[in-house]
Each structure stands twice: as structure tokens, then as C-alpha cells.
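Peer 1: Next input, structure requested:
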Amino acid sequence: MPRVRTPRHDLYVVAVDGSPQSARAVDVAGELANRTGAEVRVVAIEVGEGHAVRHAAPNDFAQTRLLLRNLETALRRFGVAASSEVVLSHSPAVGIVAYAEEVGAGLVVLSSVGRSGVPRMLIGSVAMRVTELAHCPVLIVR
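Peer 2: Residues are numbered from 1 along each chain as shown. Coordinates of the predicted model:
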């Protein structure tokens, strides 16, 4: 991925995983963007081997790309400029943060399932890790 850009306060990155919670994060990002005139970039992270973070080839991950196109269409219906990308990374959190830095996002929006206790300790929290690594504010939607 290219160098980090200066954050743009008119650009939001919303990370999705196909869950109902991440669809809610898209709704929240869309509502905010509609009010502020910001652009929304929807990103899905596909986990792969190695430590490189890179953009997926156009023909890879057809199901994920269909989901992203549908979310873009929904955002555009509300008057929000939207685009999407599939990113390959060894870690969802690292992929989200790297993409947000690359595009210069001023805000990252993502969902949290809300696990606590032992399940969270064993599985970890992508949302928590994103807040630790991000260069810009992070909005966690529950």
C-alpha cells in the first residue's frame, strides 16, 4: 500500500464483513455522510497469508464484490458519493487501518459484535485493534 495521506474530514471508510451489524455501520456512515457531504468508501477485508496488504484483483471474491456493490447502491440512493474496495490482509484490523491511511480517511466506521469476557480474550476484537492502530477517529457501531 502507498504512503499515509493527510486525513480528509470529508472522507469516511466503513468496514464491512457481511453481518447485520456491519450493514448497520454502513447506515450510520451514510447518515453522517449525508449530513456532512462526505464521501464513503466501503471496504471488505479478505484474510490471506503473508504480511502484505494489497488490493484484490478485479475478478477475485465475486460474492464480496456483489455485497459491496449493493451497499454502494444503497448509499447512493441517499445522495452519498460511495465507492468500494476488497483488500487482502493477514489481519482484518491491519487491513482496515492500512486502507484508511492509504485513502486519507478522516473517520473509520465499523461494527462490533459486543463480545465480552473469555470469548473476547480468546478471539480478540477487530474494533478494539482498529482503535489502537488508526490514525484518525474511529466510530464503533453496536
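
Peer 1: Now stretch 131-140: buried residues?
Peer 2: By 16 or more other Cβ atoms under 10 Å, the buried positions in stretch 131-140 come out as 131, 133, 134, 135, 136, 138, 139, 140. Placement of C-beta: from N, CA and C, glycine included.

Peer 1: try stretch 14-29
Peer 2: 14, 15, 16, 17, 21, 22, 23, 25, 26, 27, 28, 29.

Peer 1: just stretch 64-77 next, same as before
Peer 2: Residues 64, 65, 67, 68, 71, 72, 74, 75 are the ones in stretch 64-77 that count as buried (16+ other Cβ under 10 Å).

Peer 1: what helices or strands is the helix or strand harbouring the fourth one leaning on?
Peer 2: Assigned by DSSP states H and E, residue 68 belongs to helix 62-77. For helix 62-77, the elements it packs on are strand 8-16, helix 20-36, strand 39-47, strand 82-89, judged by 3 or more Cβ pairs under 8 Å, 6 or more residues apart in numbering; DSSP states H and E.
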